[in-house]
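Chemist: Dropping the sequence and predicted coords here.
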Amino acid sequence: MRRHVIIGAVLTAWLALSATGAGAQLTHVPTANPKIPGVVQPNVLSPELAEVVRAQGAMLLENPASPAKYYGYNDDKPNLMPLPPPAALKDEAHKTEPDKNTYLRLQQQTGADPEYDYGTHFLFQGHESGPGTFPNQQGYITRINLDADVAHRVTLMATTDVDGKPLPTFDGSTWYPWAHRLLFTAELGNIGGVWQATLDVPSKVEDISGAFGRGGYEGIQPDSDGNLWIVEDAGGANGTTNPQAKQPNSFVYRFIPYNRSDLKAGGKLQVLAVKSKAHAGNIVFNNPSPDVDITSQDIRDLHTYGLVFDTQWLTIHDTAVNGNAPFDANLLAKGVGTPFKRPENGVFRPGTKFREFYFTETGDTNALTQVGSAGGGFGGLFTITQKRPSDSQGTLSLFFLGDVAHTGLDNIAFLTKDLLVAVEDAGDGLHGQRNALDSAWLFDARSDYSNPATQPIRILAQGRDPSATIDSAVPGTGNDGDNEITGFHVSDGDPGTGGILGAKNPKPFDGKWRVFYTQQHGDNRTYEIIPNPSVAEAITGDGHDGHDGHNGGDRD
């Protein structure tokens, strides 16, 4: 057995030791990295962990094609590193921002080189930004070949769909095994939606928004029945008397397909409706004055520990009745479903048979929000509970209430069956307000966070690479500034129906289960998190020298 597998197995067992969640967890990183103008900051992980770069921005694709020639940069400008002004405003290449990761173990994958063996371990990503004017920017899909040398490390999958139309920029991704398709979501409001892609190169990509609708879709996950749960990120209007707070405007959806092997065949799109405790009926917002919604009792109730709300899935579009032309899902959901303050991603809790679904709420990403934590200004984490994944009714409750130190929660993944990682996307403005860059937080699903003494553990204090540091100081270049943690992903890569996220209890670092995230913006590095060999040796008493980290069979 390889030494890194032994180390990983020890760390996996160590994570699972505590029955209460209070003992054998990763060590808390005591502080976030501060936001200091002109200062580059390193990433800081829990000492039990380390990270390895698997791909980064200036890496040339093995099959470059304009505008997608590099992993994290477009070819629209001559410089792949940011420059000081005024050159930055005209010469800095656009950064593509690789987003949510999907890891698969696959056989006989081909690429641009017919003579090359690409191995069996792959990481798929859509890119969130592209050249052009928002929202009409061109995106693309890439595959990181984890077993390949640098020349073959990243393959361009597609820049256009089967009709020759440029792909939009993508945010979310998942694997849908029943149809053998990758699914990508575009967080672009009424021109967003869902696209499906084949695994071959070049990939055949189709817009299937005639079935799913158009919306600010981001998180997307299948359940064991083949339904797809979609979490929308669509920012609402700012208030008038509460100008630093936003109106809830994003919904949680469920798509029930007619034919799991062919999503284009259509189905029913449903929206989550939450029953109010303040009045008869469901919680629905769309008042002409945003302040009415922003300060409502319903919002305060949703962000109160201990309250359990009845939920119902309501159909807003049925292709058998309404046809298969693309439609505005967010518009149809208004007045029917319950909007939240930017819920971005969700995942099923392992070991629950898809009865528990956790999702993040980003909030206002503004330290000055007038509504504070109690009014959802800092978002949080919610749990939907149902007896069966296809049930029409269930309950919703608050799992964690955000505050200024734990806010902007975005990507989410279970590290083990009980330990949940949620990462921040607080944004440059809030970074400055609180003088803290983003963090990745470890929660225990067995813990009660209504107790002020119970706090999540910071396992990653995001730093800021040189490119992001310069971009942060030079607004207006078209590129974002501070780095963001995105695409936190824990998977064993099983492409079967029994391998969807939530079907198995994760065992990170055991030789099969792997952990990835992307340090978005700046140099756009995608990392694999591995056990820190030196710390694991201290736990095990193994005194071997050298580093034998989990490299997935890398040849370079």
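Modeler: Good, I have the coordinates.
Chemist: OK, contacts around residue 344?
Modeler: 218-219, 231, 233, 360-362, 409-411, 425 (CB atoms under 8 Å, 6 or more residues apart in numbering). In short, each C-beta sits where N, CA and C put it, glycine included.
Chemist: Ok, residue 69 next?
Modeler: Listed by CB under 8 Å, 6+ apart, the contact set of residue 69 reads 60-61, 75.
Chemist: ok but it is inside a strand, no?
Modeler: Yes. Assessed with DSSP: H, G, I helix; E, B strand; the rest coil, residue 69 lies in a strand.
Chemist: For residue 483, give its distance to residue 32.
Modeler: According to CB to CB, to the nearest Å, residue 483 stands 12 Å off from residue 32.
Chemist: before we move on, what about residue 460?
Modeler: Per CB to CB, residue 460 is found 10 Å from residue 32.
Chemist: Which neighbours do these two have in common?
Modeler: Common contacts of residue 460 and residue 32 (CB under 8 Å, 6+ apart): residue 439.
Chemist: So, low pLDDT: which residues of the protein?
Modeler: Where the chain drops to pLDDT under 70, the residues are 1-24, 88, 134, 536-556.
Chemist: which neighbours does the longest strand along it have in its sheet, and in what orientation?
Modeler: Secondary structure of the chain per DSSP state E: the longest strand is strand 308-318. Note on strand 308-318: by DSSP bridges, its sheet partners are strand 267-274 (antiparallel), strand 393-401 (antiparallel).
Chemist: hmm, who's touching it?
Modeler: With contact meaning CB under 8 Å, 6+ apart, strand 308-318 is reached by 213, 254, 267-275, 277, 282, 301-302, 327, 329, 332-333, 336-337, 384, 392-397.
Chemist: just the CA coordinates of it, formatted as CSV?
Modeler: Provided in CSV are the C-alpha atoms of strand 308-318 (Å, rounded to 0.1, in the frame of the first residue of the first chain):
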residue,chain,number,x,y,z
VAL,A,308,-39.5,24.4,11.8
PHE,A,309,-41.5,25.3,8.7
ASP,A,310,-43.8,23.1,6.6
THR,A,311,-42.8,23.0,2.9
GLN,A,312,-44.4,22.1,-0.3
TRP,A,313,-43.2,21.7,-3.9
LEU,A,314,-45.4,23.5,-6.4
THR,A,315,-45.3,23.0,-10.1
ILE,A,316,-44.7,26.2,-12.1
HIS,A,317,-44.0,24.6,-15.5
ASP,A,318,-44.9,21.3,-17.1
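Chemist: Using neighbour counts, pick out the buried residues of it.
Modeler: The neighbour-count check on strand 308-318 (16 or more other CB atoms under 10 Å) flags 309, 311-317 as buried.
Chemist: How far does it sit from its chain's centre?
Modeler: Taking CA atoms, centre = their mean, to the nearest Å, the mean C-alpha location of strand 308-318 is offset from the chain mean by 24 Å.
Chemist: Does residue 493 touch residue 121 like I think?
Modeler: Yes. Counting by CB atoms under 8 Å, residue 493 touches residue 121, with 6.6 Å between them.
Chemist: about what we covered before: between residue 483 and residue 32, what contacts are shared?
Modeler: When contacts are counted by CB under 8 Å, 6+ apart, residue 483 and residue 32 are jointly contacted by 437-438, 462.
Chemist: Common neighbours of residue 493 and residue 121, please.
Modeler: Counting by CB under 8 Å, 6+ apart, the shared contacts of residue 493 and residue 121 are 103, 105, 514.
Chemist: which residues touch the second one?
Modeler: What it means is residue 105. Listed by CB under 8 Å, 6+ apart, the contact set of residue 105 reads 120-122, 492-495.
Chemist: Narrow those residues to those in strands?
Modeler: Using DSSP E, 121-122 are the members of the contacts of residue 105 that sit in strands.
Chemist: so can I have JSON lines of the contacts of residue 105 showing neighbour count?
Modeler: Below are those laid out as JSON lines (neighbours: other CB atoms under 10 Å):
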{"residue": "120", "neighbour count": "17"}
{"residue": "121", "neighbour count": "20"}
{"residue": "122", "neighbour count": "23"}
{"residue": "492", "neighbour count": "18"}
{"residue": "493", "neighbour count": "19"}
{"residue": "494", "neighbour count": "19"}
{"residue": "495", "neighbour count": "17"}
